[in-house]
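>>> Based on what follows, work out the 3D shape:
(2 chains)
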Amino acid sequence: MYDKEFKFIFDYAQGKVDDIEIVLSATNSFQTRINQQEIESFNYSDAKGLGVRVIVEGKLGYSYTEKFDEESFKMVVDEAVENAKLNEDSDPAIMADYPAVAAELDLYSKELDKVDVEDKIQIAKDLEKYAKAADARVFNVPYAVYGDTKAYSKIANSKGLNKEEKQNSAFCYVGALSQQNDDKRVGIEFFIGRDFNKIDPKKLAEISVKKSTDLLGGKPVKSGKYPVVFNNEMMATMLGTFASVFYADSVHQGKSLLIGKMGQKIANEKVNIIDDALHPEGANSRHFDSEGYPSQKTVLIKSGKLNSYLHNTKTALKDKVNSTGNGSRGYKGSLGISVSNLILEPGKNKENELLATHDKVIEIVALQGMHAGANTISGDFSLSAEGFLYENGKRQHSLKQFTVSGNFLKILQNVEMIADNFHFNSSSIGTASVLIRELAISG
Amino acid sequence: MLDRKLIEKVIDKALSNGADFAEIYVEDTYNSRISFNDSKTKQSIAGKDFGAGVRVFYGTTAIYAYTNDLSERSLLAAADAVSKAAKGGKIITSIDLTKNTFTNLHPIKIPNDSVPKSEKVDYLRRIDKAARSVSDMITQVDMNLLGKMQKIMIANSEGLWAEDSRTYTRVSANAIASKGSEKQSCSDGPGEHKGFELLHEIDPIELGEKIAKTAILMLNADYAPSGKFPVVVDNGFGGVIFHEACGHALETTSVAKGASVFADKMGKRVANPVLTAIDDGTTPNGWGSTNIDDEGMPTQKTVLIENGILKSFIVDKMGSIKTGYARTGSGRRQSYKFAPASRMRNTYIAAGTSKLEDLISSVDYGIYAKKMGGGSVMPGTGNFNFAVNEGYIIRKGKIAEPVRGASLIGNGPESIKQISMVADNLKMAPGMCGSVSGSIPANVGQPAVKIDEIIVGGRK
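Prediction:
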């Protein structure tokens, strides 16, 4: 697909650039929201865009267009060349024809394509219906959503690389609000996957309601330092928020806490963190990254020691290592780095063992304010949280909204125990529940 | 942007199976970004966003489809898709589009694309130099210069046909100070609905020095205390507290679902009488201003809360259908990829009569939040959080030592009642607001306010 468009751009760029790469993405998506059993919104899209990256005298330049005509294709090359000439970055950049990865990933379900739209709408209706029926304290279900996406991506460069990939997936989520006296709580449950038949709206609805109602009747927490358990979802939220500390470009720019720490012990020896773009259950699995570089599994922290950063070919060249296949670029953006499926390996303990380790433990089951209250440069965070107080392993009561504060690196160092309840969140970050020795709680 | 005959054809097609309303939105946008760090231009990227969205209503259901193929065939296919999804609406025939004209409230002096990129780079270089010259502890200065020129066209089955163009310029700069393995950063990001003239109004040296000094101040600061305290939040970006704590819950998106804590409070007292809050889409060249909203309605100045009484919600077209409140010209969207929704524009707490010093001197022990970071809110519960980027202890009515790493959390309707004093130093500050219809430019603003009691999440 799109061979004619790519050829036009390659031909036009001839003589103007040393090398050129074109990335294209074309997506079809559908999403519907239900409110009071009526369709509140119903959205379709059919959209595409392409971006080019050029090397002119060793410097990179970028441009993109969503308008597909000859005039725009010429503009895209000319803009990119102009942008390359402005670039003062002295680090070299390369393009190459990378091999294919040996693994054959299952990224497309033909069955999903065949699902009738009425059945999709029914999922969202059921999410709302079951959430309302699950508990009398539910007073509103603001989110009952089903959506799916089909995505085609293509990447080619002037060194002969030419790869394409097709993926699809469905998602749905339900959010329930419940109330008891003045205490209002929200609970959200999410599904993402390719197997439509695996969606169980009743179960999803009931989990979302339980998340919300369990938190009702919260009592204020006394400010102080407590042992804290992040449940498997919230530990994933924490890890995802601070994932950029592993990015080689953050390290090069002096924006990572892990600068100069390669090979050193930076975490408790129980901690093993990997990035696995080939994980069979990962929603972000893929055959190749945004440079066409083959996907792999990369060990970032091994038994508490920093083992690798995440690289694209540009940062790898600077550090004289191989890319880890974490080049990241949407057609509108420039080449950066991102995680694929980021995993904190589970331990062997049961979650209730973690909660029974100290006479008082706070379990955190919801966090808010990640984009403002977490500083990825310093590692410091102070976040709005919800959760429960445990005494000697017994849940006492839920807590009124409180804050949890600390530093991400210190969290990794103060890991006391990791549970076995491994779970991928909606961004494909997977962890189990984790006990942290001590964090500051304010309520 | 599109031929009138074709627009009429698309709207007719969208209505063909019965619908109460149909609309087409077309966008052609030029975006550019220059990134600068390590004292070098690291990236320059530019490109074209281009596409159209077709929307129909039947009852309270909204159907939306978008495409970036603007051929007649593709637009009619999108219109056909929405019309097939809409069942049971009215049959409307014969649309007659009349072009709307309006006075441009936001004139642009220097279009972004008329300025050589080298001139833009020079501007960033001056910020970089100024920041680094403050101290050797400044180890990185990260900057972005963003330019956006958006042309839009909106037409609908009520005969509306309007076009507008919007130009945005924003510079954002972040200074990182390091000492050993510790790092602290401070950023600032002035932006307006203006062209390159914005950069003639903002002194790069002053900007660079300011962020560098604050980053160093915070590097040497101790952690903030934990607990409940009175807090004085200073002007400008401090307005994020109202934006998060109340603004989102006043949007009809959450009001209509009954998910808003303010849903049944119209005409009632929701705040201390010292508080008046306004959402204004007409502020000349304001970051959140537009001539018309993304549904084609001229924007308004909307008083949300007057002397503590709830006066208006923030209402888009569908919100008006669902709640019965009149539209306020607040239908906004990031791009053609989003159906519009009720969103804030330039939202602020109006100036009061007290002086900042009076607010400070009224506090025996508390926090002075000079500069706020971002925040977020859960509209259904009203629980919000936001970060203090530059804070100080207030001790016996005087500003004392700096503190870092604090966040403030609370509940919107409760916290707003805790605002007991409002100063006279109103100032606006730009931000990007993310919600159902994408990420859009929105100003927040306020004079300094005193919150009698709020939870401060520090580390001590």
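
>>> does any part of stretch A:231-249 sit near chain B?
No. Stretch A:231-249 stays clear of chain B (CB under 8 Å from any CB of the partner chain), getting no nearer than 9.6 Å. Bear in mind the C-beta positions are built from the backbone N, C-alpha and C, glycine included.

>>> End to end on that stretch, go ahead and measure it.
One end of stretch A:231-249 sits 30 Å from the other (CA to CA, to the nearest Å).

>>> ok, now stretch B:184-194?
End to end - CA to CA - stretch B:184-194 spans 31 Å.

>>> which ones are touching the residue of chain B found nearest chain A?
Among the residues of chain B, B:G457 lies closest to chain A, at 2.5 Å counting by CB to the nearest CB. By CB atoms under 8 Å, 6 or more residues apart in numbering or on different chains, the contact set of B:G457 is A:373, A:382-384, A:402-405, A:440, A:442, B:224, B:226, B:406-409.

>>> now swap in A:K348 and tell me
A:K348 neighbours (CB under 8 Å, 6+ apart): A:D420.

>>> Doesn't A:S41 lie inside a strand?
Yes. Membership of A:S41 in a strand is supported by DSSP: H, G, I helix; E, B strand; the rest coil.

>>> so it sits right up against A:T32, yeah?
Yes. If you go by CB atoms under 8 Å, A:S41 and A:T32 touch, sitting 6.5 Å apart.

>>> who's more crowded, these two?
Just comparing A:S41 and A:T32: by other CB atoms under 10 Å in any protein chain shown the higher neighbour count belongs to A:T32, 24 against 20.

>>> how about the residue nearest to that one when sequence neighbours are not counted, what does it touch?
Spatial nearest neighbour of A:T32, excluding adjacent residues (CB to CB, 6 or more residues apart in numbering or on different chains): A:F42 at 4.9 Å. Contact partners of A:F42, counting by CB under 8 Å, 6+ apart, are A:Q31, A:T32, B:T61, B:A62, B:I63, B:Y64, B:A85.

>>> Please name the bridge partners of A:F42.
A:F42 forms beta bridges with A:T32, B:I63, as assigned by DSSP bridges.

>>> ditto for the one 4 residues further on
As for beta bridges, A:D46 partners with A:N28, B:T67 under DSSP bridges.

>>> All the helices of chain B, residue numbers only.
Assigned by DSSP state H, the helices in chain B fall at B:4-15, B:72-85, B:117-132, B:197-201, B:204-219, B:240-242, B:252-256, B:317-323, B:356-361, B:412-417.

>>> most tightly surrounded among those helices?
Of all the helices of chain B, helix B:240-242 has the most neighbours on average by mean count of other CB atoms under 10 Å in any protein chain shown, namely a mean of 29.

>>> Mind giving me the packing neighbours of that helix?
strand B:346-349, strand B:365-378, strand B:383-395, strand B:438-446 (3 or more CB pairs under 8 Å, 6 or more residues apart in numbering or on different chains; DSSP states H and E).

>>> Could you tell me which residues make contact with the residue lying closest to B:N291 once chain neighbours are set aside?
Once flanking residues are discounted, B:N291 sits nearest to B:D164: 5.1 Å by CB to CB, 6+ apart. Contacts for B:D164 (CB under 8 Å, 6+ apart) come out as B:K151, B:I152, B:T290, B:N291, B:I292.

>>> just to revisit the earlier point, need the helices of chain B in JSON lines (columns: mean pLDDT and distance to A:L300).
Below are these laid out as JSON lines (pLDDT from 0 to 100; distance: least, CB to CB, whole Å):
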{"stretch": "helix B:4-15", "mean pLDDT": "93", "distance to A:L300": "50"}
{"stretch": "helix B:72-85", "mean pLDDT": "89", "distance to A:L300": "44"}
{"stretch": "helix B:117-132", "mean pLDDT": "95", "distance to A:L300": "32"}
{"stretch": "helix B:197-201", "mean pLDDT": "94", "distance to A:L300": "41"}
{"stretch": "helix B:204-219", "mean pLDDT": "96", "distance to A:L300": "28"}
{"stretch": "helix B:240-242", "mean pLDDT": "90", "distance to A:L300": "34"}
{"stretch": "helix B:252-256", "mean pLDDT": "90", "distance to A:L300": "40"}
{"stretch": "helix B:317-323", "mean pLDDT": "96", "distance to A:L300": "46"}
{"stretch": "helix B:356-361", "mean pLDDT": "97", "distance to A:L300": "47"}
{"stretch": "helix B:412-417", "mean pLDDT": "86", "distance to A:L300": "39"}
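
>>> pretty sure A:K318 is in a helix, no?
Yes. A:K318 forms part of a helix when assessed by three-state DSSP.

>>> Grab the nearest non-local neighbour of it.
Here the residue nearest A:K318, using CB to CB, 6+ apart, is A:D91, at 5.3 Å.
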